[in-house]
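[1] got a sequence here, can you model it:
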Amino acid sequence: MNKYLFLLLFFIAPLMVSAAQQPVPESISSNIKGALCYIQSDDQVVFVKEVFTQKLSLPGGTIDLNEAANKAAERETWEETGLIVTAKEILTQTETAVVFHCEPASGVIAFTARNHHGFHVLPAWFAPDFGIETKQVLLGYADMIKPQEYRYPAQYHQQVLNHDVPNAPIQYIDSAISAAPLMHQFELPVIEKIQSTISLLPKWISAFIFDVLKVFNSTASIFGVLFLMPIMIYYFGGKPSLQMAYVGIVTVTITLLIQLGLKFPRPFIYLPPLQLTDILGFSTPSIRTALSIVLIGYLFHIWKKMYEYESIWRCLVLLIGVTLIQGLSSIMLGEQFISDVLFGYVIGLLILWHYIRLDDKQSVAAKLIMLQPALWWGSLGGLLILAYSLHSIQLANLAGITFAFVISLPSLIKVPHLTLPYLIVKMVATCLITYVIFITQQHWLTYITQSSISGYFAQCGFWFVLTYIVIKISCIGSYPKK
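    Numbering: from 1, shown residues only. Below you'll find the model as predicted:
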């Protein structure tokens, strides 16, 4: 009898111990849709800065069908922060979300330096949602942020403040250079040395230098490409402008897919003090350098065919100089590694070479292929599928831009040249409208972005509206081909 009792206890005891270790959840309201984790370390709280809303929130997300709330909190926290946690007791419940006290299995690792908002940045580039839904993972005092900086301002006090929980172990590190690929480990000290050398100059001089670098760096951004539209349509008409836009979209798509495949973080991810700009996504290869090579090569190719001016060579040298300065600027600002820029140049040259080969073919069909509605609609569908399957907001934004060109396709094809010399006025109007839309986007995004789906639509809509307005302004004063 004692032998059977011993065997019974031998098999049941581990189950009893395991059950005792699992937190017993309190009753959760049936209308609860989300589960959040409150992680405290060094009397500070772990926050997530979201890609869509640019707001702070506790790590967590939507509870899947037939999923326990505590397991949802653990899963979402891992996906957003890279922290493996155990959800303990329930701290509070709001109308739609439950907040658990969560303990990280291996403690919290944070960078020693604080950012300009006073937060410690956590190394989280390996988290599945980093760069997709999560922009940064931060550690800071709960009362450091204002309610309007929180994703749900009305629930800020209930979700974040006045929770008496033990601190999780924490380790502060100065950098994560040793975690970078070997090639990047050699490049990081170079970037740090460049920035520190500039920072040693008088404050107003160093600030001026960094501002100039930001201007040059933005020349190859999507904003910079949109500003080219009035110039392209003025000098070349609608068809070459559409071809330029399509080549640019293809370039960004290819480089984005490579980035999402490699998932190499930017320099400031390993060393937060290097961050001087607010940029999203991964590093390798550089989209901006690839795009600048393609656009400059395209402009030279088209200009040479339409206008045989000797001064074009001087303009080409100037544009190449701007491209090189742009690449150097992105390195000095901590956005790209040197190898990222070089990789971007290679990709840009390959895409440009293929385009020129296609354009130089004698076949009329080859020359007009990028003006076909079927190609544009197919490309839009492909971008939407990629954005949905890869959860990439950058691909979603690119789809919004593409859609603006798709619905403008019939009118752009009919624009041979402009009859009114209002180029400067159009460029100024484009800059002002873009600036107003960009500055005010955070206000209206806050009201319409309540989920990942609405966030995707809001971001796509922003780029669609901006691109469509720029196209319409660029076409003012044109007359259709008869």
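[2] residue nearest the centroid of the chain?
    residue 280 (3.0 Å; C-alpha atoms, centre = their mean).
[3] surely that one is in a strand?
    No - under DSSP: H, G, I helix; E, B strand; the rest coil, residue 280 falls outside any strand and is assigned coil.
[4] is it true that it touches residue 49?
    No - between residue 280 and residue 49 there is no contact under C-beta atoms under 8 Å: 10.6 Å. Backbone N, C-alpha and C define where each C-beta goes, glycine included.
[5] so what's in contact with these two at the same time?
    Both residue 280 and residue 49 are contacted by residue 135, under the criterion C-beta atoms under 8 Å, 6 or more residues apart in numbering.
[6] what average pLDDT does the one helix or strand residue 245 maps to get?
    Counting by DSSP states H and E, the element that carries residue 245 is helix 238-262. What helix 238-262 shows for mean pLDDT is 91.
[7] that one: which residues count as buried?
    238-256, 258-260 (16 or more other C-beta atoms under 10 Å).
[8] and stretch 369-384, how far from the chain's centre?
    Centroid separation between stretch 369-384 and its chain, computed with C-alpha atoms, centre = their mean, to the nearest Å, is 24 Å.
[9] pull out the buried positions in that stretch.
    Residues 369, 370, 371, 376, 379, 380, 383, 384 are the ones in stretch 369-384 that count as buried (16+ other C-beta under 10 Å).
[10] so the second one sits right up against residue 243, yeah?
    Spelled out, it's residue 370. Yes - here residue 370 reaches residue 243: they are 4.8 Å apart, a contact under C-beta under 8 Å.
[11] end-to-end on stretch 278-288?
    End-to-end distance for stretch 278-288: 15 Å, by C-alpha to C-alpha, to the nearest Å.
[12] contacts for that stretch next, please.
    51, 131, 135, 217, 220-221, 251-252, 255-256, 258-260, 262-267, 326-327, 330, 335-337, 339-341, 343-344, 346-347, 393-394.
[13] tell me which of those fall in helices.
    Using DSSP state H, the members of the contacts of stretch 278-288 that fall within helices are 217, 251-252, 255-256, 258-260, 262, 267, 326-327, 330, 339-341, 343-344, 346-347, 393-394.
[14] where does this protein have low pLDDT?
    In the predicted model of the chain, residues 1-27, 29, 222-224, 307-312, 362-367, 417-421, 438-456, 478-482 satisfy pLDDT under 70.
[15] show me where it has strands.
    Assignment of strands within the chain using DSSP state E yields the ranges 34-38, 40-41, 44-50, 56-57, 60-62, 85-93, 97-104, 108-111, 120-121, 134-140, 170-173.
[16] excluding covalently adjacent residues, which one is nearest to residue 470?
    The shortest distance from residue 470 to any non-neighbouring residue, by C-beta to C-beta, 6 or more residues apart in numbering, is to residue 226 (4.8 Å).
[17] an error on my part: the question was meant for residue 97.
    In space, and not counting its chain neighbours, residue 97 is closest to residue 34: 3.9 Å by C-beta to C-beta, 6+ apart.
[18] same check on residue 259?
    residue 282 is the one closest to residue 259 (C-beta to C-beta, 6+ apart), at 4.3 Å.
[19] repeat that for residue 168.
    residue 41 (4.4 Å).
[20] deepest in the core, which of the strands of the chain is it.
    Comparing the strands of the chain by mean neighbour count (mean count of other C-beta atoms under 10 Å), strand 34-38 ranks first with a mean of 26.
[21] ok, it: who's next to it in the sheet?
    Strand 34-38 has its sheet partners listed here by DSSP bridges as strand 60-62 (antiparallel), strand 97-104 (parallel).
[22] which other residues reach the first one?
    The contact list for strand 60-62 (C-beta under 8 Å, 6+ apart) reads 33-37, 72-73, 76-77, 79-80, 97, 99, 451.
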